[in-house]
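In: Predicted model and sequence follow; I will ask about them next.
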Amino acid sequence: MESRKIQKVGAATLTISLPKDWVTQRNLKKGDQVFLVEEGDTLRIMPGPAMEERKRQWEQYLIDADMCDDPGLLERIIVGNYVLGRQKLIVKSATRLRSEHIEEVRRTSKKLMGLGIIEETASKITLQCSLDPANYPLDALIKRLFNLGATMLDEALEAVVTGDRRLAEDAIKREDDADMMYWLILRLVLSAQIDEALVEQLGMRSRLEIPGYRVIARDLEKVADHAEEIARAVLTLLNTKVDISPSFAKQLKELADAVTEAYGKALGGLLSRDIKQANEAIHQQEAIMKREQDLARLMLKEYDDPRIIIPFRTVINGIVKMSEYAHSIAVIAFNRYLEKPSNLCRPAPP
């Protein structure tokens, strides 16, 4: 590590000198352009050609389809490249693309927002992402992902109360939409790590918020996964043709509603920087754990058939796991509130 003193040039301009060895290694000379990348409290200097090369590398990537022998491998590679923010993907074979690879590419492109096929030959498919990050503020996407999970849970539990299996089936279908939102959010936050200009465009106050958004998106996507599992368990339950006690179904629905309220408050506390809402979410989550135990005892009291108990247990466990993510989001809301001084918490005077 080298230190440099800040020098004053003219009336107001502050400058520092660049290390000679660093300049020589990069073949820089007077008049060359360099880029300054702000990363939290640090400032990174990148030479112009290096920045351009970095951008070029992220523009276009070649995927060798012949090396994708295992089922699902090509799909995961496409999703991974999409999440990493790459603009153009070329899926290519040395001979002819196999039909299963073509189908995999088409299926995957439909799951990723903004990604489409722009060129196709017998041996090559070119995919391009047309997203403009400025049109996708992160808070709006997070709300969308939250609403998908909440809707899925509500539909699944309403299916228990009404016996309408179509509601549970609708909930399962929404899982693909939740995955699409999750991958889009990941793409945007990872792109913001590379391009400082995106931080403000996406509605973030600083790069410090990037890790939090990644965790929140993962938690909300897991909530949708649990909602899908609950919906599938409900279908299994309805297939048994068992008469579900109205009182038990009501308590189950009330528990699900309490979870939705808890992680709705956690998310509200996060987006509005309201730590009281976040604190309420934590207290509600703790109360949900006790209600779950009471509901489990009631289930064992009313039913003794394993064909009924197992799917009911899956539903209850899924609801409780969803409440744990509310706690996680509420903690992030506290951390975000404390990132900047406030009347509640500020630097102590000397």
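Out: Perfect, thanks for sending it. Numbers count the residues shown, from 1 in each chain.
In: C-alpha only now, for contacts and for neighbours.
Out: OK.
In: where does the protein have its least confident helix or strand?
Out: Within the chain, confidence by mean pLDDT, DSSP states H and E is lowest for helix 48-59 among all helices and strands, at a mean of 60.
In: which residues does the residue nearest to residue 187 when sequence neighbours are not counted contact?
Out: Distance criterion CA to CA, 6 or more residues apart in numbering; nearest residue to residue 187, sequence neighbours excluded, is residue 83 at 4.0 Å. Shown in contact with residue 83 (CA atoms under 8 Å, 6 or more residues apart in numbering): 183-184, 186-188, 190.
In: rewinding a little: tell me the helix or strand right after the least confident helix or strand of the chain.
Out: strand 60-64 (DSSP states H and E).
In: what's that following strand in contact with?
Out: Taking CA under 8 Å, 6+ apart as the rule, strand 60-64 contacts 86-93.
In: Which of those sits closest to residue 336?
Out: residue 86 (29.1 Å; CA to CA).
In: Where does that closest one sit: helix, strand or coil?
Out: Applying DSSP: H, G, I helix; E, B strand; the rest coil to residue 86 yields a three-state assignment of coil.
In: Kindly provide the distance from it to residue 128.
Out: Here the criterion is CA to CA, to the nearest Å. By it, residue 86 lies 9 Å from residue 128.
In: Return the member of the contacts of strand 60-64 nearest to residue 252.
Out: Among the contacts of strand 60-64, and counting by CA to CA, the member closest to residue 252 is residue 86, at 44.1 Å.
In: And the closest one, how far from residue 113?
Out: For residue 86, the distance to residue 113 - CA to CA - is 13 Å.
In: in the stretch 201-350 of the chain, which spans are helices?
Out: 209-239, 246-272, 275-302, 306-337 (DSSP state H, counting those that start in this stretch).
In: Could you list the buried residues of stretch 283-297?
Out: Residues of stretch 283-297 classed as buried by neighbour count (16 or more other CA atoms under 10 Å): 284-285, 288-289, 291-292, 295-296.
In: If you could redo that for stretch 275-283, that was the one I meant.
Out: Counting neighbours by 16+ other CA under 10 Å, one finds that the buried residues in stretch 275-283 are 275, 277-282.
In: Which residues does that stretch contact?
Out: Here stretch 275-283 makes contact (CA under 8 Å, 6+ apart) with 261-263, 265-270, 326-327, 330-331, 333-334, 337.
In: Apply 6 Å and report the result again.
Out: Residues outside stretch 275-283 that contact it (CA atoms under 6 Å, 6 or more residues apart in numbering) are 262, 265-266, 269, 327, 330, 334.
In: can you list contacts of stretch 113-124?
Out: By CA under 6 Å, 6+ apart, stretch 113-124 touches 91-93, 95-97, 109, 125-131.
In: Could you list the low-confidence segments of this protein?
Out: 39-40, 49-58 (pLDDT under 70).
In: How about the contacts made by the spatially most central residue of it?
Out: In the chain, the residue lying closest to the centroid (CA atoms, centre = their mean) is residue 217, at 2.7 Å. Residue 217 makes contact with residue 182 under the criterion CA under 6 Å, 6+ apart.
In: What is the neighbour count of residue 9?
Out: Neighbourhood size, residue 9 [other CA atoms under 10 Å]: 9.
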